[in-house]
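Q: the following comprises the amino acid sequence and a computationally predicted model.
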Amino acid sequence: GVGKTTIVRKVCKRLQDLGVPIQGFYTEEVRAAGRRTGFDVVTLGGNRGKLARVGTDSLSGHKSRYSVGQYSVMLEDFEQIALPVLQVHTDKGQVRPVYVIDEIGKMEMFSSSFVQTVRSLTAHVGSTVLATIPIAKGRPIPLVEELRHSADAKLVVVKYLLCLRKSVYDIVNNIYIIMSIFTTCLE
């Protein structure tokens, strides 16, 4: 990839250092013998579950009915890890967290519960969401296009050449500035 997850993790670290509550997840490659064999979803609290693996479903030994390219999507594992950390808590007097979703892509779209949760979260007044979406190519992903064109969203495009060390720092700072404008958490 171009470094979206690296940038998200650095923004999260910066927000945590400033005492801003955050919750959500990021996606991490799983590698074996130098090859990518799948993806895990990892909560900001450190819980980990399978998002996808090359080949067959690990339980049945058959190809999953949910697949993207060579990857079988482990829908139950994904939902058990990702959905709880995206629940909105509306306790009075409590500072709302920044919700982190890395990423909203084809694999995640197999979960109607995830799609509904993201729509609810982004529609919730006062919610601040930091999310990664894929660049537009091929067949559009409806939820991704909704978010990309939302008047309430600020889109930051990350290109591979921009991900040099200094540029990553600049991108992290720009995202932090944007978020501090759009959230009451940082006041």
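A: Now that the structure is in, tell me what you want to look at.
Q: from here on, contacts and neighbour counts on C-alpha atoms
A: Will do.
Q: name the SS class of Glu76, please.
A: helix (DSSP: H, G, I helix; E, B strand; the rest coil).
Q: can you read off the pLDDT for it?
A: Predicted confidence (pLDDT) for Glu76: 94.
Q: how many neighbours does it have?
A: By other C-alpha atoms under 10 Å, the residues close to Glu76 number 13.
Q: for the one 10 residues further on, same thing?
A: Counted with other C-alpha under 10 Å, the neighbours of Leu86 add up to 21.
Q: do Ser113 as well
A: Counted with other C-alpha under 10 Å, Ser113 comes out at 13.
Q: next one: Leu18
A: 10.
Q: leaving out the residues flanking it, which one is nearest to Tyr99?
A: Val129 (4.6 Å; C-alpha to C-alpha, 6 or more residues apart in numbering).
Q: now Ser127
A: Leu121 (6.7 Å).
Q: so how far is whichever strand or helix holds the one you found off the chain centroid?
A: Secondary structure from DSSP states H and E places Leu121 in helix 112-123. Chain-centre distance of helix 112-123: 13 Å, with C-alpha atoms, centre = their mean, to the nearest Å.
Q: residue ranges for the helices of this protein, please.
A: 4-17, 75-82, 112-123, 142-148, 165-182 (DSSP state H).
Q: which parts of the first one are buried?
A: Meaning helix 4-17. Buried residues in helix 4-17, defined by neighbour count with 16 or more other C-alpha atoms under 10 Å: 4-12, 15.
Q: for Arg148, state which of those residues is nearest.
A: Using C-alpha to C-alpha, Lys4 comes nearest to Arg148 of the buried residues of helix 4-17, at 15.6 Å.
Q: would you check how far apart the closest one and Ile135 are?
A: 11 Å (C-alpha to C-alpha, to the nearest Å).
Q: quick one on the thing from earlier: now the helix holding Leu121 and helix 75-82, what's the angle there?
A: 30 degrees (axes from the mean of the first three to the mean of the last three C-alpha atoms, to 10 degrees).
Q: check which helices and strands helix 112-123 is in contact with.
A: The contact analysis (3 or more C-alpha pairs under 8 Å, 6 or more residues apart in numbering; DSSP states H and E) places helix 112-123 against strand 128-131.
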